[in-house]
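**Student:** how would this look folded up:
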Amino acid sequence: AGVKSPSHLNVALDRYAGALGPLLAAAGEEGQALVVAMAAEFYAALPQKVLMVVDRLMGLNLLGAQAVVHWALGSAVPAQLLGEGGGGASAWEVLHYALSRTIARGPQAEAAAAKLAEEEAALRAKARSLSDQAAALGTQLQEHTARQAEKAAAEQPAGDDGGAEMGGEGRQPVPAPASDPHGRKLLAAKNDAEHRAAMVTRKADGLAEQLAAQRAAADAVAGNPGQALLATYRALLKLLTEEEAGAAEAEAAAMDGEGAGADGSPSALAKARVSELYAQLKALGRHYATETALVCEELAAALQEPGVPDRAGQVLREVLHYDV
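**Tutor:** Numbering: from 1, shown residues only. A predicted model of the protein is given here:
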C-alpha cells in the first residue's frame, strides 16, 4: 500500500468504511488512537501518507480529532513527540493537521448543507410548477372532451336518444376522451407533466435525505473544534506538568552530582523537553487564538488545576492577549 496513489488509498478506506465504522465506534477514543499509531508506524518513512490516512478517516467520520490528540499527547512516547525518536517527529504535524481540518470542516459542512437545501428548494419549485402544468392540462382536456361531447350530441339526428353508446344503428357515437388528435395531444402533455413532476419529486426526496444526513454531520462537527482544541490544551498541560516535575527531579539530582548544567546531561535534556513543550503551547495558542476564545472558561479552569505550572497560563496570556 505504501507505493499506491492517494486515490487508491482513499478508495480502499471508502470501501471498508462500512465495516470499520461500527468497530471504531465501539473501540472508542483509545481504539481510534491505536489506529493513528498503526498508521504512523506503517508510514514512518512517508509522513504525508499519515496525514492522508488521518484526513480521510476523519472525513468519513471514522476518526475524531480527540483520538489524534490522545495519540499525540497521551499514548505517544514524549521523546518521539519531541523529535528525539526515529519516526515520531511528525506527531506535532499530525496533531495540528487534525485540528485544522476539524476547524475547517465546520464551515464546509454548513456550506454543503446550504447547497443541498438550495438544490432541494429548486427541485420542489420545479415539481410544483410541473404539477400545476399537469393540472391545467387536465382542465383543458376535460373542457375539450366536454365540447366534443356537445358537438357530437348536436350532430345526432332528431329524436335520437343518445343510444349510440349501446350500439344503435345510424347514430353518431359520442367521442371518448382524447379520441381526436387535439385531445390525444392534451392527454400526452398532461401525462408527461405528471411523470416529470413525479420524477423531480423523487429526486427532491433523495436530496432531502442527503440534506438530513448533511445537517446531522454539520451539527456533529459544530461542537468538535472547541472540544478537540480543549482536549489538546488539557493533554498538553498534563504533559507539561509531568515534564516540569521530571525536570525538577533531574535538576535536584544533578545538583548532588557532577555536570549539573552540562549539555547532554539528564537535567539539560529535561529542560530542553520542557522548553519544547512551552514552545508548542505558545504556537497552539497563537495559531488557534480565535477558536480558543470559544473554550476560554474551560481552559481557565484547566490552568487552575493542581500542579499545572503558572508559566503555562503566562505563556497563553502572552499570545492570546486576553485573560485565561
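
**Student:** what mean pLDDT would you report for stretch 71-83?
**Tutor:** Stretch 71-83 comes out with an average pLDDT of 57.

**Student:** ah, wrong one, I meant stretch 292-312
**Tutor:** Taken as a whole, stretch 292-312 carries a mean pLDDT of 91.

**Student:** Next, the distance between the ends of that stretch.
**Tutor:** Across stretch 292-312, the terminal residues are separated by 15 Å (Cα to Cα, to the nearest Å).

**Student:** Give the buried residues for it.
**Tutor:** Neighbour-count burial for stretch 292-312 flags 292, 294-296, 298-299, 302-303, 308-309, 312 (criterion: 16 or more other Cβ atoms under 10 Å). Every residue, glycine included, has its C-beta placed from N, CA and C.

**Student:** do stretch 238-248 as well
**Tutor:** So, applying 16+ other Cβ under 10 Å, buried residues of stretch 238-248: 238-241, 243-244, 246-247.

**Student:** if we can go back for a sec, hmm, which two among the buried residues of stretch 292-312 are most spread apart?
**Tutor:** Leu294 and Pro309 (24.0 Å; Cβ to Cβ).

**Student:** So which residues of the stretch 1-150 of the chain form helices?
**Tutor:** For the stretch 1-150 of the chain, the helices defined by DSSP state H, counting those that start in this stretch occupy 6-15, 17-42, 47-59, 65-69, 78-81, 91-154.

**Student:** Lowest average pLDDT across the ones you listed?
**Tutor:** Sorting the helices of the stretch 1-150 of the chain by mean pLDDT places helix 78-81 lowest, at a mean of 45.

**Student:** Now do the phi/psi pair for Tyr288.
**Tutor:** Torsion angles at Tyr288 (phi, psi; degrees, to the nearest 10) stand at phi -120, psi 40.

**Student:** Near the nearest residue to it once chain neighbours are set aside, how many other residues are there?
**Tutor:** With sequence-adjacent residues excluded and distances taken as Cβ to Cβ, 6 or more residues apart in numbering, Tyr288 is closest to Leu229, at 5.7 Å. For Leu229, the neighbour count with other Cβ atoms under 10 Å is 24.

**Student:** same question, Leu51
**Tutor:** By other Cβ under 10 Å, the residues close to Leu51 number 18.

**Student:** quick one: the closest residue to it other than its chain neighbours from Ile103, how far?
**Tutor:** Spatial nearest neighbour of Leu51, chain neighbours left out: Tyr97 (5.2 Å); criterion: Cβ to Cβ, 6+ apart. Using Cβ to Cβ, to the nearest Å, Tyr97 is found at 11 Å from Ile103.

**Student:** go on, Leu207?
**Tutor:** For Leu207, the distance to Ile103 equals 27 Å [Cβ to Cβ].

**Student:** related to what we said a few turns ago, so who does the residue nearest to Leu51 touch?
**Tutor:** Applying Cβ atoms under 8 Å, 6 or more residues apart in numbering to Tyr97 gives the contacts 51, 54-55.

**Student:** Format the residues you listed as TSV; extra columns: distance to Ala25.
**Tutor:** Listed next are the contacts of Tyr97 as TSV, based on distance: Cβ to Cβ, whole Å:
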residue	distance to Ala25
Leu51	23
Val54	17
Asp55	19
